[in-house]
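**Student:** need a 3D model of the following:
(one chain, ligands or ions: 1)
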Amino acid sequence: MAALINGKEIAQRVRESVRAETEDFKARTGVTPGLAVILVGDDPASKIYVGNKKKACIEAGFNSFEHILPASTTQEELIRLVERLNADPSVHGILCQLPLPKHLSSRDVIAAISPKKDVDAFHPQNVGKIMIGDYDFLPCTPAGVMELIHSAGISVEGKRCTVVGRSDIVGKPMAMLLLHENGTVTVCHSRTKNLAEECRSADILVAAVGKAKLITGDMIKEGAVVIDVGMNRDENGKLCGDVDFATAEPKASYITPVPGGVGPMTVAMLMKNTLTAAKLFAGEEK
Ligand code: L34
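**Tutor:** Numbers count the residues shown, from 1 in each chain. Model (predicted):
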């Protein structure tokens, strides 16, 4: 029987500490942190995530600027909006919700965001800084996973860590953060020869592929820590992770649920990054 890592509760604690710190920051500097979120098109899941971000901003005492654009938006229009937000002193963080409609280049949009306002930490300059361990922001989802691991009192040092998935926004930075804490890290992907075996060697298993219930109990070492980053809909339209919770839970020592695990942490870490961006803007240390 695994202990559940309650992401919702831990995220609420992070958000409360950001709220309290923001109150002090505003009193000290007269600056209100501002986050601009761009949503292109009407992907229903993205709408929910962006809605959760807006709610969190308001609760933290931030200004929230929402830019909801039609799916027909051109690359030029989107870049022009980013440039306007780069120049706007009331905006300290800019986030363009992914995925974008197919005719738009997320790479070019991310590169257009000022690295100082890149609260996703997706800009190549910020990615490079993370690689060398000298950064202002960490990407929200991997940072949230580390926070969950720390909150459960788990040490990464010397542990075998397997990350399943190699996306630029989760898998790759996740591997780097585990490495920074002295884990022995393996990254698995669609061409990995024996996924089950690689997973079974893990003391800490992070699943970030986007395939419902890919990781089953037989792929988990007895007593492993299982972190589920997946956000999928199953055949009944129900939200489910990359991990088959029913068979994994009896094997794991700790496990995160979906929903209520990593998702809320992503939102909480975004609030933390936005406050950091506002502090740096105001000439303070992070
Ligand atoms: N630019 N695009 C950019 N930055 C990000 O950090 C994201 N991500 C991912 C997708 N695209 C992005 C998010 O915001 C994933 N993601 C995200 C954010 C919030 C939640 C899930 C994913 C979330 O709130 N999850 C809830 C359930 C929500 C529901 O009911 O559907 C949970 O409890 O897991």
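**Student:** which residues of this protein lie near the ligand?
**Tutor:** Contacts of the chain with the ligand, taken as CB under 6 Å from any ligand atom, map to 48-49, 52, 95-98, 120, 140-141, 231, 239, 258-260, 263-264, 266-267. From N, CA and C alone the C-beta is placed, and that goes for glycine too.
**Student:** neighbours around the one residue in the stretch 51-200 of the chain that gets nearest to the ligand, how many?
**Tutor:** With CB to the nearest ligand atom as the measure, residue 98 is the residue of the stretch 51-200 of the chain nearest to the ligand, at 3.7 Å. For residue 98, the tally of surrounding residues (other CB atoms under 10 Å) stands at 16.
**Student:** with residue 260 instead?
**Tutor:** Residues near residue 260, counting by other CB under 10 Å, number 16.
**Student:** so for residue 229, what's the pLDDT?
**Tutor:** Predicted confidence (pLDDT) at residue 229: the value is 98.
**Student:** whoops, residue 285 was the one
**Tutor:** Among the per-residue scores, residue 285 shows a pLDDT of 88.
**Student:** likewise for residue 113?
**Tutor:** We have a pLDDT of 98 for residue 113.
**Student:** so which helix or strand of this protein has the lowest pLDDT on average?
**Tutor:** Counting by mean pLDDT, DSSP states H and E, the weakest-scoring helix or strand in the chain turns out to be strand 232-233, with a mean of 92.
**Student:** so which elements touch that strand?
**Tutor:** Here strand 232-233 is seen to pack against strand 239-240 when contacts are counted using 3 or more CB pairs under 8 Å, 6 or more residues apart in numbering; DSSP states H and E.
**Student:** ok, now how distant is the closest residue to residue 69 other than its chain neighbours from the ligand?
**Tutor:** Taking CB to CB, 6 or more residues apart in numbering, and ignoring the residues beside it in sequence, residue 69 has residue 40 as its nearest neighbour in space, at 4.7 Å. Taking CB to the nearest ligand atom, to the nearest Å as the measure, residue 40 and the ligand are separated by 11 Å.
**Student:** doesn't residue 104 make contact with residue 40?
**Tutor:** Yes - counting by CB atoms under 8 Å, residue 104 is a contact partner of residue 40 at 6.7 Å.
**Student:** so what sits against both of the two?
**Tutor:** When contacts are counted by CB atoms under 8 Å, 6 or more residues apart in numbering, the set common to residue 40 and residue 104 consists of 73, 78.
**Student:** tell me which of those two has more neighbours.
**Tutor:** Neighbours of residue 40 and residue 104, each counted by other CB under 10 Å, are more numerous for residue 40; the result is 24 against 20.
**Student:** what residues sit buried inside stretch 13-23?
**Tutor:** Taking 16 or more other CB atoms under 10 Å as the basis for neighbour counts, the residues of stretch 13-23 that come out buried are 14-15, 18-19, 21-22.
**Student:** and the residue of the protein closest to the ligand?
**Tutor:** When distances are taken as CB to the nearest ligand atom, the chain approaches the ligand most closely through residue 263, which lies 2.2 Å from it.
**Student:** what residues are up against that residue?
**Tutor:** Counting by CB under 8 Å, 6+ apart, the residues that residue 263 touches are 7, 49, 52, 231.
**Student:** if we can go back for a sec, got CSV for the buried residues of stretch 13-23, with secondary structure and pLDDT too?
**Tutor:** Compiled in CSV, those are given as follows (DSSP: H, G, I helix; E, B strand; the rest coil; pLDDT from 0 to 100):
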residue, secondary structure, pLDDT
14, helix, 98
15, helix, 98
18, helix, 98
19, helix, 98
21, helix, 98
22, helix, 98
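**Student:** from those residues, pick the one nearest residue 211.
**Tutor:** Among these, residue 14 lies closest to residue 211 (CB to CB), at 28.3 Å.
**Student:** so what's the closest one closest to, chain neighbours aside?
**Tutor:** Residue 14 sits nearest to residue 268 (CB to CB, 6+ apart), 4.0 Å away.
**Student:** wait, that neighbour sits on residue 56?
**Tutor:** Yes - in terms of CB under 8 Å, residue 268 counts as a neighbour of residue 56; the distance is 7.1 Å.
**Student:** anything in contact with each of these two?
**Tutor:** With contacts defined as CB under 8 Å, 6+ apart, the residues shared by residue 268 and residue 56 are residue 15.
**Student:** element containing residue 144, please.
**Tutor:** helix 140-151 (DSSP states H and E).
**Student:** what sits up against that helix?
**Tutor:** With CB under 8 Å, 6+ apart as the contact definition, helix 140-151 has outside contacts at 5, 7, 10-11, 14, 119-121, 138, 156, 169-170, 173-174, 176-178, 181, 204, 206, 208, 225, 227, 229, 256, 261-262, 265-270, 272-273.
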